[in-house]
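> the sequence and its predicted three-dimensional model are supplied below.
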Amino acid sequence: MNQIDISAFVAKNQSSPGHIAGLNNFRFRELFCKEITLFGNGFGSSKKQQFYHDLSVLLGAGVDLSSAIGLTGENFKKNSDRVMMESIRDAVIDGKSFSDTLRDTGKFSIYECCTLRIGEETGQLVEILKELSGYYAEKIKLRKKLISSLSYPVVVLITALGVIWFMISFIVPMFEDVFRRFGQDLPALTGLIIKFSHGIRNYFVLFLILVIVLIFFRQGFKNKIWFRQISSKVMLLVPFFGSLIRNVYLSRFSLCMYILLRSRIPLIESLGLVKDMIRFFPLQQALDAICEDILRGIYLHKSMSKFKIFDKRMVSMVRVAEESNKLDMIFRNLKDQYNADIEQKTEILGSILEPVLIIFIGMFVGLILVSMYMPMFKLSTSFGF
């Protein structure tokens, strides 16, 4: 099969005056960025998975494209989604290509539109729709796995912080009033806890203001290169979490490369599309350099080996794939391996965090109680009880 040049399609996205979003706006609607917009007007992963799955089933059953889009749109609950599906159907009936129509909605990424264009031009639209449905199904599965593994520890942590704050803000001051009446010297541990209580009560508002400022700071600078570079380095340096985050992005990278290469998109263009989809600075920086190396004739695995974001397993597997001309199959296998690693690590993380947090709560609460009762025992001894 001849390779299809998608550069014209990308150029059309950049130059078309009637295009709603353009390529730059596509970068803000990438597959792995925020999917929930203010007031719920987004078209996120769950809806896309449903859309691609239903469409592939209907087209596979012999229904024409415009009718399939209309039937698929009826399954959406929100009126805005149904209206969008009707506009897509009408544009297809008027003779516009399916990929161009999706592009003009501003809800679909350049990655999706390019792969769907390949499917239209090669007669493999049903297969491409199945791949995109599986793509989003994998993404949803991974997200649910992470949420289910971390939800209970997060609830326990929030409860623990609430209990500690209550004891520090209310229980400790009650004991402090009692100790003040007797006027005796307090043990060092008790004095330390009382000072800590004063600090929490005196600076709590300042702490809240600082948190709000940090949130606005992050929102304002999250797209700056220096901020993304620093934040990504910090994330990767965190023990256990750093390797988990890296595996998540490598899994997404492998899945994207598998779908693009299977769609017969050339390697250099596939890497460029993935770079625009995955907004993780170390990976984007590496892909920029890798694209330049490939244009100079350097093998993919040799270029990947220069960057720490790619582990030795991926580099060695890609080397074998290049020698056997099976890059798409290798990336699919890598995706499965990284997903298995992520599931294992999230299970371990959940099972470890629960007892650690419970022990932390018990120790801290116990420390507060002991520090408050130590002067009471001292007072009872001095009065001969």
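Thanks, I have it. Since the model is a prediction, treat every value here as computed from it, not as a measurement. Numbering: from 1, shown residues only.
> tell me the first helix or strand C-terminal of the helix or strand of the chain with the lowest mean pLDDT.
When the helices and strands of the chain are scored by mean pLDDT, DSSP states H and E, helix 22-26 comes last with a mean of 34. As assigned by DSSP states H and E, the chain's next helix or strand after helix 22-26 is helix 45-60.
> which neighbouring elements make contact with that next one?
helix 65-73, helix 125-166 (3 or more C-beta pairs under 8 Å, 6 or more residues apart in numbering; DSSP states H and E). (Each C-beta comes from the backbone N, C-alpha and C, glycine too.)
> got the CA coordinates for it in PDB?
C-alpha atoms of helix 45-60 as PDB (Å, rounded to 0.1, in the frame of the first residue of the first chain):
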ATOM      1  CA  SER A  45     -13.200  10.400  26.100                       C
ATOM      2  CA  SER A  46     -16.400   8.500  27.100                       C
ATOM      3  CA  LYS A  47     -18.500  10.200  24.500                       C
ATOM      4  CA  LYS A  48     -15.800   9.700  21.800                       C
ATOM      5  CA  GLN A  49     -15.500   6.100  22.700                       C
ATOM      6  CA  GLN A  50     -19.300   5.700  22.300                       C
ATOM      7  CA  PHE A  51     -19.400   7.700  19.100                       C
ATOM      8  CA  TYR A  52     -16.600   5.700  17.400                       C
ATOM      9  CA  HIS A  53     -17.900   2.300  18.600                       C
ATOM     10  CA  ASP A  54     -21.500   2.900  17.500                       C
ATOM     11  CA  LEU A  55     -20.400   4.300  14.200                       C
ATOM     12  CA  SER A  56     -18.000   1.400  13.500                       C
ATOM     13  CA  VAL A  57     -20.800  -1.100  14.300                       C
ATOM     14  CA  LEU A  58     -23.400   0.600  12.000                       C
ATOM     15  CA  LEU A  59     -20.900   1.000   9.100                       C
ATOM     16  CA  GLY A  60     -19.900  -2.600   9.500                       C
END
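> numbering from 16 from now on, please.
With the count now opening at 16, the last piece we talked about shows up as helix 60-75.
> got any ranges where the stretch 116-265 of the chain has weak pLDDT?
Along the stretch 116-265 of the chain, the parts satisfying pLDDT under 70 run over 198-199.
> what angle separates the longest helix seen in the chain from helix 140-181?
Longest helix in the chain by number of residues (criterion: DSSP state H): helix 342-397. If you take axes from the mean of the first three to the mean of the last three C-alpha atoms, to 10 degrees, helix 342-397 sits at 10 degrees to helix 140-181.
> related to what we said a few turns ago, any chance of the helices and strands packed on helix 60-75 in TSV with mean neighbour count and distance to residue 354 as columns?
As requested, the helices and strands packed on helix 60-75 are arranged in TSV below (neighbours: other C-beta atoms under 10 Å; distance: least, C-beta to C-beta, whole Å):
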stretch	mean neighbour count	distance to residue 354
helix 80-88	19	28
helix 140-181	16	7
